[in-house]
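**Q** Pasting the sequence and the predicted coordinates here, then a few questions.
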Amino acid sequence: MTVQTPVRPDPDSLAPEALVEHLARDGRAAQRVLARLADEEKAAALKAAAEALRAAEAEILAANAQDMAAGEEKGLSAALLDRLRLDAGRLASIAAAVDQVATLPDPVGEVISRAERPNGLRLSRVRIPIGLIGIIYESRPNVTADAAALCLRSGNAVLLRGGSEALHSNRAIRAAFARGLESVGVPAAAIQLVPTQDRAVVGAMLSAAGLIDMIVPRGGKSLVARVQADARVPVLAHLDGICHTYVHAAADGDMARRLTLNAKMRRTGICGAMETLLLDTQFPESASVVAGLLDAGCELRGDARARALDPRILAASAEDWDTEYLDSVLSVAVVDGLDAALEHIAAHSSHHTDAIVTEDAAAAERFLAEVDSAIVMVNASSQFADGGEFGLGAEIGIATGRLHARGPVALEGLTTYKWLVRGSGQARP
Ligand SMILES: NC(=O)C1=CN([C@@H]2O[C@H](COP(=O)(O)OP(=O)(O)OC[C@H]3O[C@@H](n4cnc5c(N)ncnc54)[C@H](OP(=O)(O)O)[C@@H]3O)[C@@H](O)[C@H]2O)C=CC1
Ligand SMILES: N[C@@H](CCC(=O)OP(=O)(O)O)C(=O)O
């Protein structure tokens, strides 16, 4: 008897919805294999993937050179080109990060809580993978490996859809990663990359309810609009960072100067960079805080009271309070006390990270309690919004929504749980 091999559809010939269905079915089958792997097997698979990334250095750097050349021709900004660029050192760090994820404790199977009911039923809540996760992200090739590693460590399969400018780099990284997995018998379909950059496929991923278990969109305004229009799959939003620093009346002057400079200028292009500075009208050293930023090369756009602090400050428009510059540009407003600062933040924050600088413990506690953002800080730079800095080992990104995982998302954020109930013959009365 001849066994018929099923004909595999050519992904290029499929419509967006059919393509997503095809990828999702393969991913779900691979996830069932991952679900059976022991802690050491997943760690070994990640170590093999890290090794394969190192072995593919020439191939990955050549693919990246192709992306960089296209990016330069397209006129990408220096910040975007820097995000896109790989070199031997950066690739070594990417592989090291995969190795590092292998050493993190496996979250799957962790008992979150236990209880025994008066009728003798024993209950426990145990962490399990979410299933198949779709991640849509910017043109930053390291995310391909970081996200793949975190998903695999937490027993999830992943469908990756990276930014168009990083297409060749992402393909080369994914291919090497998959070779590593296959070398230890883990299916390559655990880590898939969408084979086309057609944005209609992003829409199809967002509406693939029942096929994809969770979508992580990492990006800015245009992606936000798409998510709002199309999402039918649960979304763990990792969206823009309109982050505020409020310098309270009782702030220490030196600390305010240091933290505002760091929050804005350390790296202007990351989502945790400060985009709006709120200066309390009673804070006596506002002029020197804005001077520090201006002297460091930052463009300031202020309201009338902020402009009175320094003639170099330009006039802000209404749009500035809702703008994520990701550049050496900052909006500045003078506010009448803590309540006015809280009101401004409530109206304009993107719920990523907001900070207060103050020596007044009561004001700090009110700020922590009343600002509804994923990360709320006292006397620290908003640039600390990062999984590595929070001790999580790595991150998928910063979740800006209101679901179970907020702020830096790492292994725990990629799991859900189920209840296990152990009885001895109890029937409900
Ligand atoms: N919260 C967090 O963890 C993070 C947030 N960000 C945020 O990302 C933004 C910067 O990234 P940027 O490069 O501008 O990213 P974009 O938002 O432009 O793109 C991100 C991804 O979304 C896709 N995309 C964008 N718009 C659409 C659309 N309308 N339909 C379908 N797909 C779409 C892009 O595809 P393509 O490029 O192929 O068109 C890309 O894959 C900032 O706002 C930053 O704060 C960045 C990193 C982490
Ligand atoms: N959270 C990390 C990186 C954030 C990030 O990836 O931002 P982006 O440069 O917009 O892709 C950090 O603080 O370094």
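**A** In hand now; what should we look at? Ligands and ions are numbered 1, 2, ... in the order given.

**Q** going forward, measure contacts between C-alpha atoms and count neighbours the same way
**A** Will do.

**Q** Helix or strand next in line after the worst-scoring helix or strand of the chain on mean pLDDT, which one?
**A** Every helix and strand in the chain was compared by mean pLDDT, DSSP states H and E; the lowest is helix 221-230, with a mean of 87. Once helix 221-230 ends, the next helix or strand along the chain (criterion: DSSP states H and E) is strand 243-247.

**Q** What average pLDDT does whichever helix or strand comes after that following strand get?
**A** Counting by DSSP H and E, the next helix or strand C-terminal to strand 243-247 is helix 253-265. Here helix 253-265 scores 98 as its mean pLDDT.

**Q** and the angle from helix 253-265 to strand 243-247?
**A** 170 degrees (axes from the mean of the first three to the mean of the last three Cα atoms, to 10 degrees).

**Q** which residues touch helix 253-265?
**A** With contacts defined as Cα atoms under 8 Å, 6 or more residues apart in numbering, helix 253-265 is touched by 245, 247, 272-275, 277, 285, 288-289, 292-293, 296, 298, 328, 330, 357, 379-383.

**Q** Please flag which of the residues you listed sit within strands.
**A** Judged by DSSP state E, strands contain the following of these: 245, 247, 274, 275, 277, 330, 357.

**Q** Ranking by neighbours, what's the top pick from the residues you listed?
**A** Tallying neighbours with other Cα atoms under 10 Å puts residue 247 at the head of the ones in strands among the contacts of helix 253-265, with 34 neighbours.

**Q** and that residue, bridged to which residues?
**A** Beta-bridge pairing of residue 247 under DSSP bridges involves residue 279, residue 357.

**Q** Quick check, it in contact with residue 356.
**A** Yes - here residue 247 reaches residue 356: they are 5.9 Å apart, a contact under Cα atoms under 8 Å.

**Q** Please enumerate the helices of the stretch 1-150 of the chain.
**A** Secondary structure of the stretch 1-150 of the chain (DSSP state H, counting those that start in this stretch): helices located at 16-36, 39-55, 57-74, 78-84, 88-103, 142-153.

**Q** Out of these, which is the most enclosed?
**A** Across the helices of the stretch 1-150 of the chain, the average number of neighbours (mean count of other Cα atoms under 10 Å) peaks for helix 142-153, which reaches a mean of 26.

**Q** That helix vs helix 16-36, what angle?
**A** 50 degrees.

**Q** List the strands paired with the next helix-or-strand element following helix 142-153, with their directions.
**A** Going down the chain from helix 142-153, the next helix or strand is strand 157-161, by DSSP H and E. If you go by DSSP bridges, strand 157-161 pairs up with strand 132-136 (parallel), strand 191-193 (parallel).

**Q** still on that earlier bit, for the helices of the stretch 1-150 of the chain, which has the smallest mean pLDDT value?
**A** In terms of mean pLDDT, the lowest-scoring of those is helix 78-84 (a mean of 90).

**Q** what sits up against that helix?
**A** If you take Cα under 8 Å, 6+ apart as the criterion, helix 78-84 is touched by 64, 67, 68, 71, 72, 139, 140, 141, 165, 166, 269.

**Q** hmm, try it at 7 Å
**A** 68, 71, 139, 140, 141, 166, 269 (Cα atoms under 7 Å, 6 or more residues apart in numbering).

**Q** a markdown table please, covering those residues and showing distance to residue 262.
**A** Below are the contacts of helix 78-84 laid out as a markdown table (distance: Cα to Cα, whole Å):
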| residue | distance to residue 262 |
| --- | --- |
| 68 | 29 |
| 71 | 29 |
| 139 | 25 |
| 140 | 23 |
| 141 | 26 |
| 166 | 29 |
| 269 | 13 |
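
**Q** of all those residues, which two lie farthest apart?
**A** Largest separation among these by Cα to Cα: 68 and 269, giving 18.0 Å.

**Q** quick revisit: also near ligand 1: which of the contacts of helix 78-84, exactly?
**A** residue 139 (Cα under 6 Å from any ligand atom).

**Q** Out of the contacts of helix 78-84, grab the one that's most surrounded.
**A** Going by other Cα under 10 Å, residue 141 tops the contacts of helix 78-84 with 28 neighbours.

**Q** what's the closest non-adjacent residue to that residue?
**A** residue 170 (5.7 Å; Cα to Cα, 6 or more residues apart in numbering).

**Q** by how many degrees do the helix or strand hosting the one you found and strand 157-161 diverge?
**A** Using DSSP H and E, residue 170 maps to helix 167-183. Here the directions of helix 167-183 and strand 157-161 differ by 160 degrees (the same axes, to 10 degrees).
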